[in-house]
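> missing the sequence, but the structure's below:
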DNA sequence: CCTACCGATCGGTAGG
DNA sequence: CCTACCGATCGGTAGG
């Protein structure tokens, strides 16, 4: 309502229409997304409230709904943001392949140590998604499926071509499972879990096992 | 209040007081616990309601509170029940050690395939516990800590004595993390994840790595 | 174990 | 982006 300016992206002809009504809708949406990510991380989706999110941004909960329509939509938007945890970068942006991707996973685990909020958001939301009628269920199903493919592809490049496909996929799911499970232990006990080196050791171990072809009982 | 008797364990003299008012307090508590486990599994703790639990048992939510005092207490009681998932048997009962315990883990993973409810309850509640002020936070911190010790002890028996303690604990945390993470992927995609054989392969891999002493970078 | 009730909170809508 | 409001739900208590 009041005469806000705040130009951010779109270049407008000087005195075009009403001369920038708000502090840029896009920027406000970003602030809401950041707050929402944090609240969902700390409380979970069901237990996190629009009021708490709104308070952090300095508006009412109706204001938040004005920007995202519903709580479900807000969650979806949070999950689809690309800037999140390193492991998420796996999907959107350009990604390394082969050994470089495996190294990227280790780097991600290391970097995640300084991103508790994001780690916790994904840990909490991914598991919460298995509950009834959770709006993020399909998102995480697809995400795990995509991750498995990417990691399996990377493994393929660093092991003998004789290793069968299903072993690559299984190894990939094990690596992803291990990273996710470690995050939970680390969140509960940050001092006794060393995510970075554990992930590194585990990945090296999986690769070594695949190379040795000793994956049977 | 009213004259309850409810003989279940304690042997009472035949015509002692009022002669069986209810269907045994202990039995009712059990029925509530079973319902609560199921509801918490399907909805999580915060989102699961006393009303839904009460409905399954056929009473009002006030009735449930009569037996457990508060929702928090009910959760605690659910978590402390011993009959749950195999991996929980790890704490209470007599347990195998060494290779037999590792085999027990594999059997547990296999058996869990037919206990979706229990698996989901532990998966959901353990991760939900990392959120703010969650009543089960200490429970799961202790649980992970205890599991790490038990698995590390088992590993010690099957690898060379030269393997340092901290590597055993790290390997233990990796095994536990992997099992937990796999459960989430399996819950979302039961057909593409083979928990039993994956766990078996992973444990064998960890042991092989420890024996080979190649756990470094 | 129920009826009755309370205060609190929640997501969403109207309507500007 | 707010005020004002709604219906729904929730955990817990009183008081039997």
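Structure received. Just so it is clear, the structure is predicted and the values come from calculations on it, not from any experiment.

> What ranges in chain A fall below the confidence cut-off?
For chain A, the stretches with pLDDT under 70 are A:1-23, A:82-93, A:214-217.

> Let's see that with 90 instead.
A:1-26, A:81-95, A:213-217 (pLDDT under 90).

> how close does residue A:207 get to residue A:175?
Using C-beta to C-beta, to the nearest Å, residue A:207 is found at 10 Å from residue A:175. All C-beta spots, glycine's among them, are computed from the backbone N, C-alpha and C.

> the more surrounded of those two?
Shown here are residue A:207 and residue A:175; by other C-beta atoms under 10 Å in any protein chain shown, residue A:175 has more neighbours (27 against 18).

> give the contact list for the more buried one.
By C-beta atoms under 8 Å, 6 or more residues apart in numbering or on different chains, the contact list for residue A:175 reads A:105, A:151, A:202-203, A:206.

> ditto for residue A:156
By C-beta under 8 Å, 6+ apart, residue A:156 lies in contact with A:163, A:168.

> Ramachandran angles for it?
The phi/psi pair for residue A:156 (degrees, to the nearest 10) reads phi -60, psi -30.

> again with residue A:142
Given degrees, to the nearest 10, the pair of backbone angles that residue A:142 has is phi -60, psi -40.

> With residue A:115 instead?
According to degrees, to the nearest 10, residue A:115 has phi -130, psi 60.

> next one: the top helix by length along chain A to chain centre, how far?
When chain A is parsed with DSSP state H, its longest helix is helix A:165-188. Taking C-alpha atoms, centre = their mean, to the nearest Å, the mean C-alpha location of helix A:165-188 is offset from the chain mean by 15 Å.

> So which bits of it are buried?
The neighbour-count check on helix A:165-188 (16 or more other C-beta atoms under 10 Å in any protein chain shown) flags A:167-188 as buried.

> What segments of chain A are helices?
Under DSSP H, chain A gives helices at A:25-43, A:50-57, A:61-68, A:71-80, A:98-112, A:116-128, A:137-158, A:165-188, A:195-212.

> Any part of the fourth one near DNA strand C?
By that I understand helix A:71-80. Yes - residues of helix A:71-80 are located near DNA strand C by C-beta under 7 Å from any atom of the strand, namely A:71-72.

> can you tell if that helix touches DNA strand D?
No - using C-beta under 7 Å from any atom of the strand, helix A:71-80 stays clear of DNA strand D, coming no nearer than 12.1 Å.

> That helix vs helix A:25-43, what angle?
On the basis of axes from the mean of the first three to the mean of the last three C-alpha atoms, to 10 degrees, helix A:71-80 is oriented at 90 degrees to helix A:25-43.

> Any idea how far apart the tips of stretch A:45-54 sit?
15 Å (C-alpha to C-alpha, to the nearest Å).

> Oops, could you answer that again for stretch A:152-171 instead?
7 Å.

> Return the nearest residue of chain A with respect to DNA strand D.
Nearest residue of chain A to DNA strand D, counting by C-beta to the nearest atom of the strand: residue A:63, 2.7 Å away.

> got the contact list for the nearest residue in space to that residue that is not next to it in sequence?
Closest residue in space to residue A:63, ignoring its immediate chain neighbours: residue A:54 at 6.1 Å, by C-beta to C-beta, 6 or more residues apart in numbering or on different chains. Remark: with contacts taken as C-beta under 8 Å, 6+ apart, residue A:54 is in contact with A:60-61, A:63-64.

> how about a cut-off of 10 Å?
Taking C-beta atoms under 10 Å, 6 or more residues apart in numbering or on different chains as the criterion, residue A:54 is in contact with A:32, A:35-36, A:39, A:60-65.

> hmm, which two among these are most spread apart?
Across the contacts of residue A:54, the longest distance by C-beta to C-beta is 16.6 Å; it joins A:39 and A:62.

> who has more neighbours, these two?
Counted by other C-beta under 10 Å, residue A:39 and residue A:62 do not tie: residue A:39 has more neighbours, with 26 against 9.

> Whichever of the contacts of residue A:175 end up buried, select them in PyMOL.
Burial among the contacts of residue A:175 is assessed by 16+ other C-beta under 10 Å; the matching PyMOL selection reads:
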select buried, chain A and resi 105+151+202+203+206
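
> just the contacts of residue A:175 now: which is nearest residue B:138?
When these are compared for distance to residue B:138 (C-beta to C-beta), residue A:202 wins out at 27.5 Å.

> Make sure that closest one is actually in contact with residue A:196.
No - taking contacts as C-beta atoms under 10 Å, residue A:202 lies outside contact range of residue A:196: 11.0 Å.

> who touches both of those two?
Taking C-beta under 10 Å, 6+ apart as the criterion, residue A:202 and residue A:196 both touch A:106, A:109, A:182.

> Would you mind naming what in chain A lies close to DNA strand C?
With C-beta under 7 Å from any atom of the strand as the criterion, chain A meets DNA strand C at residues A:48-52, A:61-62, A:65-66, A:69-72.

> Of those residues, which is the most crowded?
residue A:48 (26 neighbours).

> what's the nearest residue to it if we skip its chain neighbours?
Residue A:48 sits nearest to residue A:39 (C-beta to C-beta, 6+ apart), 4.3 Å away.

> Report the separation between the spatially closest residue to residue A:154 that is not a sequence neighbour and residue A:43.
Leaving aside its sequence neighbours, residue A:154 sits nearest to residue A:101 (C-beta to C-beta, 6+ apart; 4.0 Å). Distance, residue A:101 to residue A:43, using C-beta to C-beta: 33 Å.

> isn't residue A:184 right up against residue B:126?
Yes - counting by C-beta under 10 Å, residue A:184 does reach residue B:126; the two are 6.5 Å apart.

> got any residues that touch both of those two?
A:127, B:140, B:144, B:180.

> need those residues in JSON lines with distance to DNA strand D, can you?
JSON lines is the format used below for those (distance: C-beta to the nearest atom of the strand, whole Å):
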{"residue": "A:127", "distance to DNA strand D": "19"}
{"residue": "B:140", "distance to DNA strand D": "20"}
{"residue": "B:144", "distance to DNA strand D": "26"}
{"residue": "B:180", "distance to DNA strand D": "25"}
